[in-house]
Structure formats: structure tokens, C-alpha cells
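Chemist: make a model of this:
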Amino acid sequence: MQAASRQSFHPAEAGAILAGTVSACGAVGALAGWATGNTGYGILGGVCLGIPTGVFAVYRRFKAYFS
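Modeler: Numbers count the residues shown, from 1 in each chain. Predicted coordinates:
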């Protein structure tokens, strides 16, 4: 019997997940900022929240690799 193979880590996939999550949060922040009258601060807030959200999304995707 062979041991279960470890999931491989794909840096390009991790970067795509991170970039997609940060840009999605920035877009939601832009919409919220537009609704309140200041799109720039909305984008800034969305990106500031998107960075830790993106890191968490990459961690969740590659959890088996990190443990």
C-alpha cells in the first residue's frame, strides 16, 4: 500500500487566487464607495480588506500543503 500523495503547490494558481480575491474586494469596495460618494476611499478600503481575505483564501485552498 502506498501513502497518499501530497497535494502539490502551484504558485501561479496561488497568485491567481490572491489577485482575484483582492480585485473582487476592491470592486465591492468601489461600489460601496460610489454609493456613499467617494469611490477612491471605497477602493482603498476594499483592497485593505482584500489582502488578508486573499491570504486566507490561498491558505484554505492549499491547507494540506502547509500542514
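Chemist: shaky segments in this protein?
Modeler: Within the chain, the ranges that satisfy pLDDT under 70 run 1-7.
Chemist: residue contacts, the spatially most central residue of it?
Modeler: With distances taken as CA atoms, centre = their mean, the chain has residue 54 as the residue nearest its mean C-alpha position (2.0 Å). For residue 54, the contact set (CB atoms under 8 Å, 6 or more residues apart in numbering) comprises 17, 18, 19, 20, 21, 22, 25. All C-beta atoms are positioned from the backbone trio N, CA, C, and that covers glycine.
Chemist: I'd like these as JSON lines, with distance to residue 32 and neighbour count appended.
Modeler: Formatted as JSON lines, the entries for the contacts of residue 54 read as follows, by distance: CB to CB, whole Å; neighbours: other CB atoms under 10 Å:
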{"residue": "17", "distance to residue 32": "23", "neighbour count": "19"}
{"residue": "18", "distance to residue 32": "21", "neighbour count": "18"}
{"residue": "19", "distance to residue 32": "20", "neighbour count": "12"}
{"residue": "20", "distance to residue 32": "19", "neighbour count": "13"}
{"residue": "21", "distance to residue 32": "17", "neighbour count": "19"}
{"residue": "22", "distance to residue 32": "16", "neighbour count": "21"}
{"residue": "25", "distance to residue 32": "10", "neighbour count": "21"}
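Chemist: out of those residues, who's nearest residue 61?
Modeler: Using CB to CB, residue 17 is the member of those that sits closest to residue 61, with 5.9 Å.
Chemist: tell me where this structure has helices.
Modeler: When secondary structure is read from DSSP state H, the chain shows helices at 11-36, 39-61, 63-66.
Chemist: and the closest residue in space to the residue nearest to the centre of the chain that isn't next to it in sequence, how far from residue 36?
Modeler: The shortest distance from residue 54 to any non-neighbouring residue, by CB to CB, 6 or more residues apart in numbering, is to residue 21 (3.7 Å). As judged by CB to CB, to the nearest Å, residue 21 and residue 36 stand 23 Å apart.
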